[in-house]
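Trainee: Need coordinates for the below:
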Amino acid sequence: MDFWQFLAGYWWLAFPVLGVLGGLGQRWERGARSRHKRRLEILQAKAALKAAEPPKQVAHATEPKPLTKASPTQPQLEKLFAEHDAVTARWLEYELNVAKLIAYPTISDGRQPLTAAFLRAKKTADRLRPGSPKAHLTDGELAAYASAVTDYEVAFDVAEREARRLKDSDFSETERKRLQTAQQLLSVAVDGGATAAERQIAYKRVREELEGLIVVSDEAITVLEEKVALPLAAQAPQMPAPPPAASQPPANPQPPQTPPAAASSDDAV
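Mentor: A predicted model of the protein is given here:
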């Protein structure tokens, strides 16, 4: 009877309990949808890469087999090396470009799950990459490297799309203002029309604004310093050319010659 009396006295507690349970259910549903959406994006990217690959050439049974043939490892490795280097070049366009790092900061933030997955895939592909396209690999080693390159490309595609979608939305309002200030100062630092003092001050301010917000690699700093120094070298003062020497008058000027006077009539006689 105590239990039923408790229910009769506190029946109204059912409403807040149901509200809390409903909120938890909605949060779980949103998380499940987000995870499902990311899985679909990865599967779609993998399917697109597989569809872009050219079909494998199958030899016909009637074709004569050569007595000696080159190992297929080298052409496959050359293709994999080209794909591997292309993804790395796309990543370096962000990693070495401070302006892009400011515009899409999550592409270099290892705390982001998709960026962390890309960095892991890059590490795996770099570790499995042979030293040369002429290296001799077993079928298992070649398959492992090919799979690592594919995962590397897919992971970067997904991380890049996520970074372009988020931009600076993960930062607070104050941090976003600092990023905007750094972007404006960066344009002054590499502006050839600004004075040397203005560019140097802008460059130092950019470093200060990005401190604690974005991790800029030493290589990116070197590239930025070279860009700042180029306008400085272009505006280096040049010595004016000496004026052309004036023509010297002759050492012994000759007096003007007068024409001979006409003969008089008396002289003619």
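Trainee: Count the neighbours of Gly178 for me.
Mentor: Actually, residue 178 is Arg rather than Gly. Arg178 has 20 neighbours, counted by other Cβ atoms under 10 Å. (C-beta placed from N, C-alpha, C; glycine too.)
Trainee: OK, contacts around it?
Mentor: 209-210, 213 (Cβ atoms under 8 Å, 6 or more residues apart in numbering).
Trainee: same thing but at 10 Å, please
Mentor: 102, 168, 171-172, 208-214 (Cβ atoms under 10 Å, 6 or more residues apart in numbering).
Trainee: pLDDT at it, what is it?
Mentor: Predicted confidence (pLDDT) for Arg178: 94.
Trainee: mind listing what's buried in the helix or strand it falls within?
Mentor: Arg178 is part of helix 173-189 when elements are defined by DSSP states H and E. The neighbour-count check on helix 173-189 (16 or more other Cβ atoms under 10 Å) flags 175, 178-179, 181-182, 185-186, 188-189 as buried.
Trainee: Grab the longest helix from this protein for me.
Mentor: helix 14-52 (DSSP state H).
Trainee: name the helices or strands packed onto that one?
Mentor: Contact here means 3 or more Cβ pairs under 10 Å, 6 or more residues apart in numbering; DSSP states H and E; on that basis helix 14-52 packs against helix 113-128, helix 139-166.
Trainee: swap the cut-off to 6 Å and go again
Mentor: helix 139-166 (3 or more Cβ pairs under 6 Å, 6 or more residues apart in numbering; DSSP states H and E).
Trainee: now the helix it packs on against helix 14-52, angle please.
Mentor: Comparing the axes of helix 139-166 and helix 14-52 via axes from the mean of the first three to the mean of the last three Cα atoms, to 10 degrees yields an angle of 130 degrees.
Trainee: quick one, helix 139-166 and helix 113-128 angle?
Mentor: Using the same axes, to 10 degrees: helix 139-166 against helix 113-128 is 150 degrees.
Trainee: For helix 139-166, give the mean pLDDT please.
Mentor: Here the average pLDDT along helix 139-166 is 96.
Trainee: Buried residues of that helix, list them for me.
Mentor: Buried, per 16+ other Cβ under 10 Å, within helix 139-166: 142, 145-146, 148-160, 162-163, 166.
Trainee: Pipe the contacts of Arg178 into TSV and attach distance to Leu96, neighbour count and secondary structure per row.
Mentor: As requested, the contacts of Arg178 are arranged in TSV below (distance: Cβ to Cβ, whole Å; neighbours: other Cβ atoms under 10 Å; DSSP: H, G, I helix; E, B strand; the rest coil):
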residue	distance to Leu96	neighbour count	secondary structure
Ile102	13	22	helix
Asp168	20	18	coil
Phe171	22	17	coil
Ser172	27	9	coil
Glu208	21	13	helix
Glu209	19	22	helix
Leu210	15	21	helix
Glu211	19	11	coil
Gly212	21	9	coil
Leu213	18	18	coil
Ile214	13	21	coil
